[in-house]
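In: quick one, what's the 3D model for this:
(3 chains)
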Amino acid sequence: MNAPFFEPAPDLAEVTADLLARLRERTPLVHCITNGVVQGFTANALLALGAAPAMVDITGEAGVFARVADALLINLGTPAPEHRDAMREAAAGARAAGTPWVLDPVAIGTLPIRTALAHELLAQRPTAVRGNASEVRALAGHGSGGRGTDSADAPAAALPSAAALARQHGAVIAISGPADLVHTTDATVRVLGGDPLLTRVTGGGCALGAVVAALLAVRGEHAPATAVAAAHALYGLAATAAARTAAGPGSFAAALLDALARLTPENARRDARFGRADSSALATGVPA
Amino acid sequence: MNAPFFEPAPDLAEVTADLLARLRERTPLVHCITNGVVQGFTANALLALGAAPAMVDITGEAGVFARVADALLINLGTPAPEHRDAMREAAAGARAAGTPWVLDPVAIGTLPIRTALAHELLAQRPTAVRGNASEVRALAGHGSGGRGTDSADAPAAALPSAAALARQHGAVIAISGPADLVHTTDATVRVLGGDPLLTRVTGGGCALGAVVAALLAVRGEHAPATAVAAAHALYGLAATAAARTAAGPGSFAAALLDALARLTPENARRDARFGRADSSALATGVPA
Amino acid sequence: MNAPFFEPAPDLAEVTADLLARLRERTPLVHCITNGVVQGFTANALLALGAAPAMVDITGEAGVFARVADALLINLGTPAPEHRDAMREAAAGARAAGTPWVLDPVAIGTLPIRTALAHELLAQRPTAVRGNASEVRALAGHGSGGRGTDSADAPAAALPSAAALARQHGAVIAISGPADLVHTTDATVRVLGGDPLLTRVTGGGCALGAVVAALLAVRGEHAPATAVAAAHALYGLAATAAARTAAGPGSFAAALLDALARLTPENARRDARFGRADSSALATGVPA
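Out: The predicted model follows:
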């Protein structure tokens, strides 16, 4: 039971399939400034899906590259001073050139440097923000963040924060959790799929941020929120497939990359599942 | 033939089983400042075992985080200037807050910056030091280190150095090798298990340092040395299991993560093996 | 049909087999200053093959270590300021001590910092340069580089650039592509083998640079170009073997490490394939 949303798109699964086909055809160049823990896994996830990653993370190059890349990811996981300046350059470059970009505010809240930086980068108007519920809440100034990279909150608890962020900054807000929520000023959609093993692999969430950027790069006539939802659906389908053969988190990580490479538009058309989270969720904090 | 040691613990394998159960229940938050080569593998090893890693490695955050984390690992593998300052902050924060912490003095000896830093960090009283024999000897001022990250010495050859370090700094000293040695001022225990493939995977030793930190986080009423020995035993059991199915070092790395996730207290109770290394070893350099 | 080349070596496959045997016997210490995305995979590739990696990438240590290591790799993928200075130190140290060294000019061309650095490092006379066609062309001042890390040119299109670089700097120039080309002032050889999956794994090319360094470390009486060609042949054989069992890029990466570990001199003797690229290629840009 797929739900229409975000734009007059009668079938989200159909659009997801089309966007995957487009990505495979165009191999979008995705500029990533991400944390040192997950750089390799993130690049591998993009390569597996069919995009071309480039980790250009120094000042003097990041701004130049954000202007020519097809999309940009900024992930705040291990923000050394040089990388913070590179992020500033890249975000400004992306904004100036109209490059779509994704902010992943890893572990903000208690940690002061990255929290201030996340707020500063919001001014460069990211196309989308992807985080867990605690990170989204902290970004909106609600709550004090999670426990390291773990969320202390359920996704729905962050919907009021997502609404405030979407209204104020014009960004699509994606909240990762057992079911992911993608929120824009018009609507909220739940994306079903994924697997708990994603939380047992470092970069399970961070690589999704890069996949969101890759889908934004090929969205064309579609709304940004549609591309964000499609990215979550594709990543979730790959995770579900990978979990079927995995013997644990180590074999799951390799299987996830294999599954991203094997995804087809037909898979997406047949298996992607979206649910509506009606507007009462914004008031109650509980999605329908 | 399990041997009593360190504290009136009649059966070390039994304590190891209990500590694993406790770790799974509490998901300790392990703060890691480690080298860029092994950050991903280290985080994955902690996640697989059941701990929550957080790689907070910048100044302005590392000290704050070391105060709230359940344990801290400092690994000197690729100590950029920013990371060196973050290590200083974190070690001071851990000491102030009573957070147990582990020092892994990777490749000290010939390399001057990390060698000086290792000696400086000792003043912050690490709970445990984990390294190979050449690193332990160099830390005690004996010998000039190994060959890169490889030890030039057998574990037993580092026992006099371990004794000097334990006496002077109050730390548990763990020496990795074909059989690991865990030394404290009272006793030395050999931990059996493991597999030579651990030396063919980068981070094979570094991730063990993080696992030591995770076990220290849940040691409760037990002596630090007991938790250190338990960590070595659990890691060794996982390595032994992984080697059974691996076709080489690439599949071994994934299998090791799967095996860490599948370890059970029952495994530990049944299969963990400890041996006594009597005090004559300190004089002769040869464990019993 | 193996072709004689570079030196009076009647059978390149035979020399490749001998160099692998020598590498296994000596475990050369390979100093790597490489990008953060592929540090782990590069170290694992060296360990799997039988070399000892050491990622010493800070100033104050890099120059010291380059003097004692058996070979050095400098890869420009994510050149933070500290790493740029460490590269300068290491290259100068390697030159002074006669340590063979490899330059991998990742993504030079459009990106200004690394492009200037690559030209500066050439003055320290690398033993070999390894890159894709666009990188080699950009290093010679021809063309503006590729698209991130992807080549915009076929290998043969870079032969005139390789010839100019070899003449001017005395380096062996290796151009990666569907068939790799190894060029020196005397001759150009094509190395057959490999698999397209290498382009779907991050570090597929970067780790080859480290393998080139490892083979240079044990070349003994052989010409540098012979060792460079042998490295490409061995890596290609492992990739071909890994692709046979891989279900996608994730399982391929692990299988490649397993295959590097399982390579034997007998494999190399039987399966390594080299082809001649005659001198007309330099004029026409098309290898024979």
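In: and the longest helix along chain A, average pLDDT?
Out: If you go by DSSP state H, chain A has its longest helix at helix A:224-245. Here helix A:224-245 scores 97 as its mean pLDDT.
In: now do stretch A:180-198
Out: 93.
In: could you list the buried residues of it?
Out: The neighbour-count check on stretch A:180-198 (16 or more other Cβ atoms under 10 Å in any protein chain shown) flags A:180-184, A:187-195, A:197-198 as buried. Backbone N, C-alpha and C define where each C-beta goes, glycine included.
In: so who does residue A:70 touch?
Out: Taking Cβ atoms under 8 Å, 6 or more residues apart in numbering or on different chains, we find residue A:70 in contact with A:26, A:28-30, A:99, A:217-218.
In: list the ones among those residues that fall in helices.
Out: Going by DSSP H, the helices hold A:26, A:217 from these.
In: out of the contacts of residue A:70, who's nearest residue B:271?
Out: residue A:30 (45.3 Å; Cβ to Cβ).
In: which residue ranges form the helices in the stretch 1-150 of chain A?
Out: Under the criterion DSSP state H, counting those that start in this stretch, the stretch 1-150 of chain A contains helices at A:12-26, A:39-49, A:62-68, A:81-97, A:112-122, A:133-139.
In: hmm, the fifth one touching chain B?
Out: Right, the one you point to is helix A:112-122. Yes: counting by Cβ under 8 Å from any Cβ of the partner chain, chain B is contacted by helix A:112-122 at A:112-114.
In: beta partners for the residue of the stretch 51-200 of chain A found nearest chain C?
Out: Per Cβ to the nearest Cβ, residue A:54 is where the stretch 51-200 of chain A lies closest to chain C, at 3.3 Å. Going by DSSP bridges, residue A:54 is paired in beta bridges with residue A:31.
In: burial of it, as a residue count?
Out: Neighbour count of residue A:54, defined by other Cβ atoms under 10 Å in any protein chain shown: 23.
In: surely it and residue A:28 touch.
Out: No: Residue A:54 lies out of contact with residue A:28 (Cβ atoms under 8 Å); the separation is 10.8 Å.
In: so what's the residue lying closest to residue A:115 once chain neighbours are set aside up against?
Out: Distances taken as Cβ to Cβ, 6 or more residues apart in numbering or on different chains put residue A:108 closest to residue A:115, at 4.4 Å, once the chain neighbours are dropped. By Cβ under 8 Å, 6+ apart, the residues touching residue A:108 are A:76, A:114-115, A:118, A:131, A:135, A:138-139, A:145.
In: go on, residue A:112?
Out: B:60-61, B:64.
In: where's it relative to residue B:72, distance?
Out: Applying Cβ to Cβ, to the nearest Å, the value for residue A:112 to residue B:72 is 18 Å.
In: name the residues that touch the following helix or strand past the longest helix of chain A?
Out: For helix A:224-245, the following helix or strand on the C-terminal side (DSSP states H and E) is helix A:249-262. For helix A:249-262, contacts defined as Cβ under 8 Å, 6+ apart pick out A:41, A:44-45, A:48-50, A:195, A:197-198, A:200-201, A:234-235, A:237-239, A:241-243, A:245-246, B:44, B:47-48, B:253-258, B:261, C:200, C:246-251, C:253-254.
In: so what's the gap between helix A:249-262 and the chain middle?
Out: 18 Å (Cα atoms, centre = their mean, to the nearest Å).
In: what does stretch A:114-123 give?
Out: Distance, stretch centre to chain centre, for stretch A:114-123: 17 Å (Cα atoms, centre = their mean).
In: average pLDDT for it, rounded please.
Out: 98.
In: do stretch A:12-31 as well
Out: Here the average pLDDT along stretch A:12-31 is 97.
In: what does chain A have sitting close to chain C?
Out: A:29, A:36, A:39-40, A:43-44, A:47-48, A:52-58, A:60-61, A:64-65, A:68-69, A:80, A:82, A:253-262.
In: now the buried members of these.
Out: Using 16+ other Cβ under 10 Å, the buried ones in the residues of chain A next to chain C are A:29, A:36, A:39-40, A:43-44, A:47-48, A:52-58, A:60-61, A:64-65, A:68-69, A:80, A:82, A:253-261.
In: OK, contacts around the residue nearest the centre of chain A?
Out: Centroid-nearest residue in chain A: residue A:209, 3.2 Å away (criterion: Cα atoms, centre = their mean). For residue A:209, the contact set (Cβ under 8 Å, 6+ apart) comprises A:34, A:42, A:73, A:75, A:102, A:104, A:130.
In: before we move on, the earlier item: just give me the closest of the contacts of residue A:70 to chain B.
Out: The nearest member of the contacts of residue A:70 to chain B, counting by Cβ to the nearest Cβ, is residue A:30 at 19.0 Å.
In: need the contact list for the closest one.
Out: Counting by Cβ under 8 Å, 6+ apart, residue A:30 has contacts A:46, A:51-54, A:69-73, A:210, A:213-214, A:217.
In: returning to what we had before: who does the residue nearest to residue A:115 form a beta bridge with?
Out: Beta-bridge partners, per DSSP bridges, of residue A:108: residue A:111.
In: residue B:140 versus that one, what's the distance?
Out: For residue A:108 relative to residue B:140 (Cβ to Cβ), the value is 42 Å.
In: for residue A:123, same thing?
Out: Taken as Cβ to Cβ, the span from residue A:123 to residue B:140 is 52 Å.
In: same check on residue A:138?
Out: Taken as Cβ to Cβ, the span from residue A:138 to residue B:140 is 45 Å.
In: between the two, which is the more surrounded one?
Out: Neighbours per residue (other Cβ under 10 Å) separate residue A:138 from residue B:140, with residue A:138 holding more: 28 against 20.
In: right, and the more buried one touches residue A:105 too?
Out: Yes: using Cβ under 8 Å, residue A:138 is in contact with residue A:105, at 7.3 Å.
In: find the residues that touch each one of those two.
Out: In contact with both residue A:138 and residue A:105: no residue, using Cβ under 8 Å, 6+ apart.
In: how about the residues of the stretch 51-200 of chain A by chain B?
Out: Counting by Cβ under 8 Å from any Cβ, the stretch 51-200 of chain A sits next to chain B at A:77-81, A:107, A:110-114, A:147-150, A:199-200.
In: and residue A:172, backbone torsions?
Out: phi -80, psi 130 (degrees, to the nearest 10).
In: might one say that it is in contact with residue A:128?
Out: Yes: Residue A:172 is in contact with residue A:128 according to Cβ under 8 Å; the separation is 4.3 Å.
In: pull up the overlap in contacts between the two.
Out: Joint contacts of residue A:172 and residue A:128 (Cβ under 8 Å, 6+ apart) are A:224, A:228.
In: mean confidence score for stretch A:131-142?
Out: 96.
In: can you name the residues in contact with it?
Out: A:104-109, A:115, A:118-119, A:122, A:129, A:143-146, A:149-158, A:160-162, A:164-165, A:173-177, A:205.
In: and that stretch, which residues are buried?
Out: A:131-140, A:142.
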